[in-house]
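> Task: produce atomic coordinates for the following.
(one chain, ligands or ions: 2)
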Amino acid sequence: MMKQIQWFPGHMFKSLRQIREKISIMDIVLVLVDSRLPLSSINPELFKIISHKPKVMLFNKMDLADENVLNEWVNYYQKEGFATLKIDSVTGKNVNKIHPLCQEVLKEKLEREKSKGLKPRPLRTMILGIPNVGKSTLINQLSKSSATKTGNTPGVTKAQQWIKLGENFELLDTPGVLWPKFEDPIVGYHLAITGAIKDKILPEDDVVQYAIKFLRKYYPNRLKDRYGINIESDYVETLDTIGRLRGCLIKNGEIDYSRVYTIILTDIRNKMLGGLSFDRLSDVSI
Ligand SMILES: Nc1nc2c(ncn2[C@@H]2O[C@H](COP(=O)(O)OP(=O)(O)O)[C@@H](O)[C@H]2O)c(=O)[nH]1
Ligand SMILES: [Mg+2]
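Ligands and ions are numbered 1, 2, ... in the order given. Take a look at the predicted model:
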């Protein structure tokens, strides 16, 4: 259906190289994923880079996901060696639990420092995630809008700018932007449906067709409740039903499909169909 696309290879290699360079001076890394797609919203190359590093996986946008499916992913990543936390960076839910969790992960190191008589200090960290996953929103929450640039930190070979996030964290002033990577077109659809990649990157009708197929398979009742879609309806009937319901008509009573596409995608992204999870452990091979 869709030809393979090489995603932003230039950006991708540059950001992975930057992360590789900086990783050794971090106490801990914070990996931010979209709770609706905890696999598609991460660059798999990252796992290799951070395999030996203390790390926390933050499931952001927990408010938008299907809770049961999300919990399966949380268990999965815990088994993979991540400390985990589900968060909502907009309301700030669970954001105050991030620092205590990091302290728990780094317990031995911090106790060692304390026994040497060193004073408690902010943890050096990097927030890693693909565009739109919520990095800036989280940073604002962590700093409670008091992000201030500190001077150069002594002991670091190359002068670095650190952003102080309250008392708890020091964040390196290098964007931890990852780029999604995939050979599987399904991953592309999941990124497009949730708005992680721009709408123009994949053909909108393909994306919506995938979305409807997905919803019919996993959430048929949500389609019924929202739009009155009959379970037996095929794809075009589904579009026509939504189009008539929402008055997306052009002359001669024909349906304006491009408006229908926009309505469906906007509804999905605004949680009008409830919490949805697109990546499912049962569907992917990892
Ligand atoms: N519903 C919801 N939206 C979020 C959450 N975190 C971020 N967003 C939204 O996601 C969009 C992208 O966030 P942003 O912080 O700019 O992402 P960045 O590109 O990683 O810095 C914005 O519209 C945010 O309001 C969350 O936990 N829940
Ligand atoms: Mg940002």
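> Which secondary structure element of the chain has the lowest mean pLDDT?
Lowest by mean pLDDT, DSSP states H and E among the helices and strands of the chain is strand 148-149, with a mean of 44.
> Now do the same for stretch 183-199: mean pLDDT, whole number.
The average pLDDT for stretch 183-199 rounds to 88.
> so how far is the first residue of that stretch from its last?
Stretch 183-199 has an end-to-end distance of 19 Å (criterion: C-alpha to C-alpha, to the nearest Å).
> Now tell me what touches that stretch from outside.
Residues outside stretch 183-199 that contact it (C-beta atoms under 8 Å, 6 or more residues apart in numbering) are 1-2, 4-5, 34, 36-37, 39-41, 130-133, 180, 182, 201-202, 206-207, 210-211, 214, 265, 268-269, 278-279, 283. Bear in mind the C-beta positions are built from the backbone N, C-alpha and C, glycine included.
> Pull out the buried members of those residues.
Buried by 16 or more other C-beta atoms under 10 Å: 34, 36-37, 39-41, 130-133, 180, 182, 202, 207, 210-211, 214, 265, 268, 278-279, out of the contacts of stretch 183-199.
> And the residue of the chain closest to ligand 2?
Ligand 2 sits closest to Ser136 of the chain, with a gap of 3.3 Å, by C-beta to the ion.
> Shouldn't that residue be within a helix?
Yes: assessed with DSSP: H, G, I helix; E, B strand; the rest coil, Ser136 lies in a helix.
> what about it, neighbour count?
Applying other C-beta atoms under 10 Å, we find 12 other residues in the vicinity of Ser136.
> same question, the one 4 residues further on
With neighbours defined by other C-beta under 10 Å, the count for Asn140 comes to 18.
> Could you do the one 4 residues further on as well?
Here the count is done by other C-beta under 10 Å, and Lys144 has 11 residues near it.
> what's near enough to touch it?
Counting by C-beta under 8 Å, 6+ apart, Lys144 touches Gly166.
> distance of it from Leu165?
Lys144 sits 9 Å away from Leu165, going by C-beta to C-beta, to the nearest Å.
> Under the pLDDT cut-off, which ranges of the chain? List them.
For the chain, the stretches flagged by pLDDT under 70 are 1-9, 145-160, 174-175, 182, 285-286.
> Identify the residue spatially nearest to the spatially most central residue of it, adjacent ones excluded.
Closest residue to the average C-alpha location of the chain: Asp34 at 2.4 Å, with C-alpha atoms, centre = their mean. Leaving out its chain neighbours, the residue that sits closest to Asp34 by C-beta to C-beta, 6 or more residues apart in numbering is Ser41, at 4.0 Å.
> Likewise for Glu104?
Ala83 (7.2 Å).
> dump the residue contacts of the one you found.
Shown in contact with Ala83 (C-beta under 8 Å, 6+ apart): 55-57, 101-102, 104-105.
> Including distance to Gln18 and secondary structure, could these go into a markdown table?
Shown next, in a markdown table, are those (distance: C-beta to C-beta, whole Å; DSSP: H, G, I helix; E, B strand; the rest coil):
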| residue | distance to Gln18 | secondary structure |
| --- | --- | --- |
| Lys55 | 17 | strand |
| Val56 | 20 | strand |
| Met57 | 20 | strand |
| Leu101 | 25 | helix |
| Cys102 | 22 | helix |
| Glu104 | 28 | helix |
| Val105 | 23 | helix |
